[in-house]
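Engineer: The sequence and its predicted three-dimensional model are supplied below.
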Amino acid sequence: MKQILQNLKNGNTELVEVPCPVGKAGHLLIRTSRTLVSAGTERMLVEFGKAGLIEKARQQPEKVKGTCGTSINK
């Protein structure tokens with residue numbers, strides 16, 4: 001089975017052959033016939049991975065507020 005792997009630090013993407021998953025008792029294994037890769041979402045993840053800590057905080061101010069509020073209130 002083929003799988004797309006992407007390095008979030010440099011954006012390199014590769015198609016690799018991986019073993020097929022094995023079904024387990026009590027689990028459901030679903031066969032996929034087609035998939036879709038969204039280049040926009042993947043590009044966003046790479047850009048986020050390359051960003052420094054300050055830029056990541058600017059991109060996600062709600063998480064910074066939540067973290068700071070939690071730390072200050074304790």
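Structural biologist: Great, that's in hand. For clarity, every value in this text was computed on a predicted model and none was experimentally measured. Numbering: from 1, shown residues only.

Engineer: Going by C-alpha atoms from here, please, whenever you check contacts or count neighbours.
Structural biologist: Noted.

Engineer: What is the neighbour count of Ala57?
Structural biologist: 14 (other CA atoms under 10 Å).

Engineer: how about Ile4, what does it touch?
Structural biologist: By CA atoms under 8 Å, 6 or more residues apart in numbering, the residues touching Ile4 are 13-16.

Engineer: ok, and Gln3, which helix or strand is that part of?
Structural biologist: strand 2-6 (DSSP states H and E).

Engineer: tell me the contacts of the residue nearest the centre of the chain?
Structural biologist: The residue lying closest to the centre of the chain (CA atoms, centre = their mean) is Leu45, at 6.6 Å. Taking CA under 8 Å, 6+ apart, we find Leu45 in contact with Leu8.

Engineer: The helix or strand where it lies to strand 2-6, inter-axis angle?
Structural biologist: Following DSSP H and E, the helix or strand that holds Leu45 is helix 39-50. Angle of helix 39-50 versus strand 2-6, following axes from the mean of the first three to the mean of the last three CA atoms, to 10 degrees, is 40 degrees.

Engineer: Phi, psi for Lys65 please.
Structural biologist: Note on Lys65: backbone dihedrals following degrees, to the nearest 10 are phi -60, psi -40.

Engineer: how far away is it from Leu36?
Structural biologist: According to CA to CA, to the nearest Å, Lys65 stands 34 Å off from Leu36.

Engineer: same thing with Lys9?
Structural biologist: 22 Å.
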